[in-house]
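Participant: Below are the sequence and a predicted model for it; my questions follow.
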Amino acid sequence: MDFAILLNTASGSGADSSAAMGSSGFMIVILLFFVVYMWMMSRREKKNRNEEQAMRDNLKVGDEVVTIGGILGKVVSVKEDTIVLETGADRNKIRFTKTAIATNASANARAQADKDAKEAAKAKEKAAKKEAKKKE
């Protein structure tokens, strides 16, 4: 009879330990998911910061830019940490730090024009290949 009691208590404690092991395994999976998610988010943020820094480093005189405050202007002067923008019809000049520049409209337009030119070239090449197949 003592053996039956010992068997029941052993199987009962085994069920408790397997339940505890299941919940701790679940917590490990959740923690691992959270760590991977945070790592991927930090990579995306770092990529965006690097792109913004490259855009600010490549500012040229004559570029049309928008500041983080919404001011539109044309770059008149570029120095190490600051730029001078010309805004409005009366040509007011305002000095900003480079970090205040949100977008470079001129660079965006150039990038879009390059993309359109590449797509047009691909379409033209595809049409030429199609015409060559018809001739054969």
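Facilitator: Received, thanks.

Participant: hey, let's count contacts and neighbours off CA atoms from now on
Facilitator: Will do.

Participant: Could you pull up phi and psi at residue 63?
Facilitator: When quoted as degrees, to the nearest 10, the phi and psi of residue 63 stand at phi -70, psi 140.

Participant: Isn't it up against residue 74?
Facilitator: Yes - between residue 63 and residue 74 there is a contact under Cα atoms under 8 Å: 5.6 Å.

Participant: of those two, who's got more company?
Facilitator: residue 74 (22 against 17; other Cα atoms under 10 Å).

Participant: Is that one bridged to anything, and to what?
Facilitator: residue 64, residue 86 (DSSP bridges).

Participant: List the residues that contact it.
Facilitator: 61, 62, 63, 64, 65, 85, 86, 87 (Cα atoms under 8 Å, 6 or more residues apart in numbering).

Participant: For the residues you listed, could you give me CSV that also reports distance to residue 42 and pLDDT?
Facilitator: Compiled in CSV, these are given as follows (distance: Cα to Cα, whole Å; pLDDT from 0 to 100):
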residue, distance to residue 42, pLDDT
61, 33, 92
62, 34, 90
63, 31, 90
64, 30, 92
65, 27, 93
85, 33, 94
86, 36, 94
87, 36, 92
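
Participant: most surrounded residue in those?
Facilitator: Result: residue 85 is most packed of those (other Cα under 10 Å), 27 neighbours.

Participant: Now render the contacts of residue 74 as CSV, adding distance to residue 43.
Facilitator: Formatted as CSV, these follow (distance: Cα to Cα, whole Å):
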residue, distance to residue 43
61, 32
62, 33
63, 29
64, 29
65, 27
85, 32
86, 36
87, 36
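
Participant: So which of these is the closest to residue 23?
Facilitator: Distance to residue 23, by Cα to Cα, is smallest for residue 65 among those, at 54.1 Å.

Participant: The closest one - nearest residue in space that isn't next to it in sequence?
Facilitator: residue 104 (4.4 Å; Cα to Cα, 6 or more residues apart in numbering).
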